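**Student:** A predicted structure for the sequence below; I have some questions about it.
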Amino acid sequence: MIHELTIGGFARWLPLELTPTDEAAYARRLAEAYATDPHAAEVAPAVASMAGRLAGTREGRLSDSDPFLMSAWLLLADATTLSPVAHATLQSMPLPAGQEVLDVVRDLLSGHEVHGAPTWQELTTSSGAATLVHHRLRVWRQGEWVVHERAAVLWTRPEEGLLLVLDGYTEVPRSCHDLAPAVAQLAASAEGL
């Protein structure tokens, strides 16, 4: 059972508003919050649009068996600028009876061309034991292969038939080395899962 959810993390994670809202008004609030950043006014509409799309997936769930988006964040290059280099979502979804973490990892990797061997490690978080899965994906973009990175923290709740996934993703090569530690730090502070 999910209780009152509290997630700390660190200053470079910007929580996104996922309630239906006026995207233009949200963009203005973001630009004002990062007023010292000369690029914030240009970046804010894209951030607001992404939040709107995510909110739409949350509202568009067809059944209880569909994943439920609980929260979303952007990882900023630094805490003082609106400079997204990665995003993360926290979702809850059904965990079929008998499915283990390794099965979930296989599902996570399916349909993607993996670049190098995925790694995983056990984590201790404020919400109990979890598994961090970290891998790179080869993606075909504009006539060439590029490498993206994904780091996901999995909490399994077999007694409740529930899987919780904090899933971080970046397309920015220079951010790849930051993603897994940043997602692990965000997961470590998650209380109430």
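**Tutor:** Good, I have the coordinates. Numbers count the residues shown, from 1 in each chain.
**Student:** give me the contact list for the lowest-mean-pLDDT helix or strand in the chain.
**Tutor:** Least confident helix or strand, the chain: helix 101-109 with a mean of 71, by mean pLDDT, DSSP states H and E. Residues from elsewhere that reach helix 101-109, judged by CB atoms under 8 Å, 6 or more residues apart in numbering: 95, 118, 120, 131, 133, 135, 150, 152, 154, 156, 163. From N, CA and C alone the C-beta is placed, and that goes for glycine too.
**Student:** where are the low-confidence patches of the protein?
**Tutor:** Scanning the chain with the threshold set as pLDDT under 70 gives 1-10, 20, 60-63, 108-112, 173-177.
**Student:** do a quick rundown of the helices in it.
**Tutor:** 23-33, 40-59, 101-109, 176-188 (DSSP state H).
**Student:** return the closest of the contacts of helix 101-109 with respect to residue 73.
**Tutor:** Proximity of these to residue 73, judged by CB to CB, is greatest for residue 152, which lies at 13.7 Å.
**Student:** what about that closest one, distance to residue 186?
**Tutor:** Between residue 152 and residue 186 the computed distance is 12 Å (CB to CB, to the nearest Å).
**Student:** middle-most residue in this structure, spatially?
**Tutor:** Nearest to the geometric centre of the chain sits residue 88, at 1.5 Å (CA atoms, centre = their mean).
**Student:** neighbours around the closest residue to that residue other than its chain neighbours, how many?
**Tutor:** Distances taken as CB to CB, 6 or more residues apart in numbering place residue 168 nearest to residue 88, at 4.1 Å, with adjacent residues excluded. For residue 168, the neighbour count with other CB atoms under 10 Å is 26.
**Student:** can you tell me which residues contact residue 168?
**Tutor:** Contacts for residue 168 (CB under 8 Å, 6+ apart) come out as 75, 86-88, 150-152, 179-180, 182-183, 186.
**Student:** wait, residue 67 sits on residue 91?
**Tutor:** Yes. Between residue 67 and residue 91 there is a contact under CB atoms under 8 Å: 4.4 Å.
**Student:** list residues touching both of those two?
**Tutor:** The contact sets of residue 67 and residue 91 overlap at residue 165 (CB under 8 Å, 6+ apart).
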